[in-house]
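Q: from the sequence below, what's the structure:
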Amino acid sequence: MPQVAVITGASAGVGRACARVFAGAGYDVALLARGDAGLEAAAKEVDSAGRRSLALKVDTADADALDEAAARIEQELGPIEVWVNNAMTTVFAPFTDIEAEEFRRVTEVTYLGFVYGTNAALSRMLPRDHGAIVQVGSALAYRGIPLQSAYCGAKHAVQGFTESLRCELLHRRSGVNVTMVQMPALNTPQFSWVLSRLPKRAQPVPPIYQPEVAARAVLYAARHPRRREYWVGGSTAATLIANALLPGVLDRYLGRTGFSSQQTAQPEDSGRPANLWEPVDEATDFGPHGEFDDRAHARSVQWWCTMHREATLSIAVAAAVAARVVRSRGRSRRRR
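A: From the prediction side, this is the model:
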């Protein structure tokens, strides 16, 4: 029987890339999002891959709607094997320029949406003692940056919530696993539709990766959910390590560079639509990619090493042995 995966925020960006990757790997896919055009296009892609799709228009900030969606998914597709929490929204602005209602909305979607989705999944997985929940995180779950206080706060909250839940599942010796995948900057449509009060157009902080890099990592995590956390991209690893060792230095560095690095040279269009309250892909399908294809990496060496740890270790040992041989020969020649 085919396995069933649920993906929130599936109409565009990372969620859309996940829909394609999971369908290609043989999963039937339930697609949860708000935009009609994006959902319809995503469902067609799953169907074209020979898998069953179920597209449901759901706002993840609505706990009851998510639970109802989960019930319908199990009725129409079958038991949920994998639940991917991915839906997000944000506001690009200094904290003092964000309205209270806007901050609340970001928190409800980007944090509480994960809580509600996790609860909907667990209520079905725990009785079966089987299943995997993947939280799509970010390097910003550990390292806050300027102009993204609402998003960073939500991702930090997801991180803390997931750690607490993981401990509870371990305590009860549950067969359900929860893991988190910390992402780098990604080339997704969010920078075209995010609510922004910046003078210039928002951009991801380089280096930028394509959403397929993230999607392949999510699939791998879903298949190997016992590992508590995955880092994707060399920039994510470097950021998290640097933040653990020198957080104060990063505070000062980001205070100097964090404003300019998140803006292009183009002025922002203050009249364009934003997706904070309403979807912008109801009539237009944005797909997985944003506007930065010419600057985005399609592969990550760091992620390849993560997936092939034994090969990476063997290469590292061989390199160390070779370096030692070279040094030994150099010392022998000097003695002569």
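Q: grab the nearest non-local neighbour of the residue most central in space within the chain.
A: The central residue of the chain, meaning the one whose C-alpha is nearest the mean C-alpha position (C-alpha atoms, centre = their mean), is residue 136 at 3.4 Å. In space, residue 136 comes closest to residue 86 once its chain neighbours are excluded; the distance is 4.2 Å by C-beta to C-beta, 6 or more residues apart in numbering. Quick note: C-beta positions are derived from backbone N, CA and C, even for glycine.
Q: count the neighbours of the one you found for me.
A: Burial measure for residue 86: 29 neighbouring residues, criterion other C-beta atoms under 10 Å.
Q: got the domain ranges for the chain?
A: With automatic domain parsing serving as the domain definition, the record reports that the chain contains domains spanning 4-299, 310-336.
Q: could you save these as JSON lines and add columns showing mean pLDDT?
A: Converted to JSON lines, the domains of the chain look like this (pLDDT from 0 to 100):
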{"stretch": "domain 4-299", "mean pLDDT": "97"}
{"stretch": "domain 310-336", "mean pLDDT": "53"}
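Q: what's the most buried one of the ones you listed?
A: Among these, judged by mean count of other C-beta atoms under 10 Å, the one packed with the most neighbours on average is domain 4-299 (a mean of 20).
Q: first vs last residue of that one, how far apart are they?
A: Taking C-alpha to C-alpha, to the nearest Å, the span from the opening residue of domain 4-299 to its closing residue is 27 Å.
Q: stretch 5-24 now?
A: With C-alpha to C-alpha applied, stretch 5-24 spans 12 Å between its terminal residues.
Q: again, but for stretch 283-296
A: In stretch 283-296, first residue to last residue: 27 Å (C-alpha to C-alpha).
Q: now that stretch: how far from the chain's centre is it?
A: Taking the mean C-alpha point of stretch 283-296 and that of its whole chain, the gap between them comes to 16 Å (C-alpha atoms, centre = their mean, to the nearest Å).
Q: contact partners of that stretch?
A: Around stretch 283-296, the neighbours that count as contacts under C-beta atoms under 8 Å, 6 or more residues apart in numbering are 11-14, 16-17, 20, 36-38, 40-41, 186-193, 203-204, 206, 208-212, 215, 280.
Q: helices along the stretch 1-150 of the chain, start to end?
A: Counting by DSSP state H, counting those that start in this stretch, residue ranges of the helices within the stretch 1-150 of the chain are 13-24, 36-48, 63-76, 100-107, 113-128, 149-171.
Q: and the longest one, what other elements does it pack with?
A: Here helix 149-171 touches helix 100-107, helix 113-128, strand 176-182, going by 3 or more C-beta pairs under 8 Å, 6 or more residues apart in numbering; DSSP states H and E.
Q: need the CA coordinates for that helix. PDB is fine.
A: These are the backbone C-alpha positions of helix 149-171, laid out as PDB (Å, rounded to 0.1, in the frame of the first residue of the first chain):
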ATOM      1  CA  SER A 149      12.100  39.300  14.500                       C
ATOM      2  CA  ALA A 150       8.600  37.700  14.000                       C
ATOM      3  CA  TYR A 151      10.000  34.900  11.900                       C
ATOM      4  CA  CYS A 152      13.000  34.300  14.100                       C
ATOM      5  CA  GLY A 153      10.900  34.200  17.200                       C
ATOM      6  CA  ALA A 154       8.500  31.700  15.600                       C
ATOM      7  CA  LYS A 155      11.300  29.400  14.500                       C
ATOM      8  CA  HIS A 156      13.000  29.600  17.900                       C
ATOM      9  CA  ALA A 157       9.600  28.600  19.400                       C
ATOM     10  CA  VAL A 158       9.300  25.600  17.000                       C
ATOM     11  CA  GLN A 159      12.800  24.500  18.100                       C
ATOM     12  CA  GLY A 160      11.900  24.600  21.800                       C
ATOM     13  CA  PHE A 161       8.500  22.900  21.200                       C
ATOM     14  CA  THR A 162      10.000  20.100  19.100                       C
ATOM     15  CA  GLU A 163      12.700  19.400  21.800                       C
ATOM     16  CA  SER A 164      10.100  19.200  24.500                       C
ATOM     17  CA  LEU A 165       7.900  16.900  22.400                       C
ATOM     18  CA  ARG A 166      10.800  14.700  21.400                       C
ATOM     19  CA  CYS A 167      11.600  14.100  25.100                       C
ATOM     20  CA  GLU A 168       8.000  13.100  25.800                       C
ATOM     21  CA  LEU A 169       8.000  10.700  22.900                       C
ATOM     22  CA  LEU A 170      11.200   9.100  24.100                       C
ATOM     23  CA  HIS A 171       9.800   8.800  27.600                       C
END
